[in-house]
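J.: sequence and computational prediction follow.
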Amino acid sequence: MQTQRKAFDVRNFVGGEWVEANGQQTEAVYNPATGEVIAKTPLSTKEDVERAVGAAEAAFSGWSATPVTQRARVLFRFKMLLEEHFEELRDLVTLENGKDAKDAAGEVRRGIEVVEFACGMPSLMMGETVRDVASGIDNVSWRYPLGVVAAIVPFNFPCMIPLWTMPVAVGAGNTYLLKPSERTPLCSKRLVELFVEAGVPEGVVNLVNGAHETVNAILEHPRVKAVSFVGSQPVAEHVYKTGTASGKRVQALAGAKNSMIVLPDAVLEKAVPNIVSSAYGNAGERCLAGSVLVAVGEKEAQDRVVEKVREAASSMKVGAGYEEGSELTPLIRDSHRQKVRSYVDLGEKEGAEVVLDGREVRREEGFFFGPTILDGVTGEMRVAREEIFGPVLSVVRVDTLEEAVAFTNGSPFGNACSIYTENGAAVRYWREHVEAGMLGVNIGVAAPMAFFPFNGVKNSFYGDLHATGKDGVRFFTENKVEVVRYLSEPASGEAVRLPQEAGA
């Protein structure tokens, strides 16, 4: 049990100062493991967003003109500070999100990897050249920052996802506005403090807390050039449509319903722990969670994998992230726990069999939900098609790999898909035909490294350029393409003289 602590102070950061929000309303921030209120997030208004955009706009001319090598040095210092405060950031993730120390540490590490990638901004900002595209004419492209850009981030990765955009956007020469989830504002606050300590100038990085009004004010603001969003599918669609209607560049990473296809030749003693980790890690609150197990083959093979997964899941320790050995941590809110429960009830009503039931967890405090398995799920059921975002695994049984791929492709989402097999031909067929942007072979969470794009497709992504990797750099920059010709030429055999030399 964690001891009672003093509530955290949550404010906005505008123009280099921590300031009170204009809005009077707040939202409680809970420790999901205990239900204790640990902070109150101010719900900022349109006026708060206007002040932050003004500060960012005022800082843009100076920051964009700062040599990219100097901007990279700030990122190197930022990376060093993140390493020095690694355990503090890990514990903040556990406190406000609820995930266990191992998952929280992994989140912080993956965020730092994006900073490491952005430290290479001098190379990433390189344009392209071709000489003599015609006689005496060269073609050059230059990469420029956009201006004021914004990121709207979710509760489930409060440290990693701000770092998907902050170092890339700022390293490329933009000025930046961060809108954290109102449910998890503490990591964002600390990241901004460390970035300021690293030497980022006033107004380059700003933070505005809030909810719907704040989001819409960012989306509709005429001087915000680009918006990056991560969250649920309905909100992602709203962000994309509203932002693009206002003339912005938008990337909106949305929901998921990821299949894990298990073939009869899968090495189950190694695959099952990976499957369980994918389905139940972070209480299933991640867009790369494997939420559907597609068991392929004869009934005996299907039964074998389902039973082994059930045995492994049923032995998981349900507990707070700070408790030793906890494997299944709490959901973010009680309201979300009730939503997850309603989906299990629905699946049962639709005809699925609850072979592992997590609806009743013997913990008086916090927002816990036990590992749950729904067997006999079919493609027509809502629990097979809709994102539950909790520790619920739906089992679909099919005879062939072709049927497994067809089921997966019937989903409106296309974030990720995994396959468990040692058959290279099967992997190749699956890779060529499955409709998902991130693929895992014997890997249940197919998260790409920071120098690759986070590559959801279909209703899992709205936009053209994905987050992270070179896509992220392209998203936060614009090209200018120049065609160059000089009309004067020196006389034959005459040395070329510069203007100041000619007048000497």
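T.: Yes, it's here.

J.: correct me, but F475 touches Q251?
T.: Yes. The criterion here is CB atoms under 8 Å, and F475 meets it with Q251 at 5.7 Å. Heads up, the C-betas are built off the backbone N, CA and C, glycines and all.

J.: residue ranges with poor pLDDT in the stretch 251-400 of the chain?
T.: Applying pLDDT under 70 to the stretch 251-400 of the chain picks out no residues at all.

J.: just the helices in the stretch 101-250 of the chain please.
T.: Shown for the stretch 101-250 of the chain, the helices assigned by DSSP state H, counting those that start in this stretch span residues 101-118, 121-124, 160-171, 186-198, 212-220, 233-245.

J.: check the offset of the shortest one from the chain's centre.
T.: What separates the centre of helix 121-124 from the centre of its chain is 22 Å, taken as CA atoms, centre = their mean, to the nearest Å.

J.: which residues does stretch 280-288 contact?
T.: 97-99, 103, 155-157, 230, 253-256, 258, 278, 289, 291, 313, 316, 327-332, 369, 371, 388-393, 415-416, 438, 445-447, 456, 460 (CB atoms under 8 Å, 6 or more residues apart in numbering).

J.: at 6 Å what do you get?
T.: Applying CB atoms under 6 Å, 6 or more residues apart in numbering, the contact partners of stretch 280-288 are 99, 103, 156, 256, 328-329, 331, 371, 389-391, 415-416, 445, 447.

J.: let's see which of those residues end up in strands.
T.: Of the contacts of stretch 280-288, the ones assigned to strands by DSSP state E are A416.

J.: assign T408 to helix, strand or coil.
T.: Per DSSP: H, G, I helix; E, B strand; the rest coil, the local secondary structure of T408 is helix.

J.: from R183, how far out is it?
T.: Counting by CB to CB, to the nearest Å, the separation of T408 from R183 is 31 Å.

J.: ok, these two, which is more surrounded?
T.: T408 (26 against 21; other CB atoms under 10 Å).

J.: was I right about that one contacting M260?
T.: No. Contact criterion CB atoms under 6 Å: T408 and M260 do not qualify, at 9.8 Å.

J.: tell me the centre residue of the chain?
T.: For the chain, I161 is the residue whose C-alpha lies nearest the centre (CA atoms, centre = their mean; 4.4 Å).

J.: thinking that residue is in contact with V230, fair?
T.: Yes. Using CB under 6 Å, I161 is in contact with V230, at 5.3 Å.

J.: which residues do those two both contact?
T.: By CB under 6 Å, 6+ apart, the residues touching both I161 and V230 are V153.

J.: looking at this, L393 is in a strand?
T.: Yes. The assignment for L393 is a strand, going by three-state DSSP.

J.: and it, what does it touch?
T.: Going by CB under 6 Å, 6+ apart, L393 touches 279, 293, 373.

J.: what is the burial count for the last one?
T.: In terms of burial, I373 registers 25 neighbours under the definition other CB under 10 Å.

J.: what is it paired to in the beta sheet?
T.: Under DSSP bridges, the beta-bridge partners of I373 are L356, L393.

J.: number the residues from 868 up from this point.
T.: Okay, residue one is now 868; in that scheme the one you just asked about reads as I1240.

J.: neighbour count winner among F1342 and Q1118?
T.: Set side by side, F1342 and Q1118 show more neighbours around Q1118, with 28 against 25, by other CB under 10 Å.

J.: and the more buried one, what element?
T.: Assigned by DSSP states H and E, Q1118 falls within strand 1116-1120.
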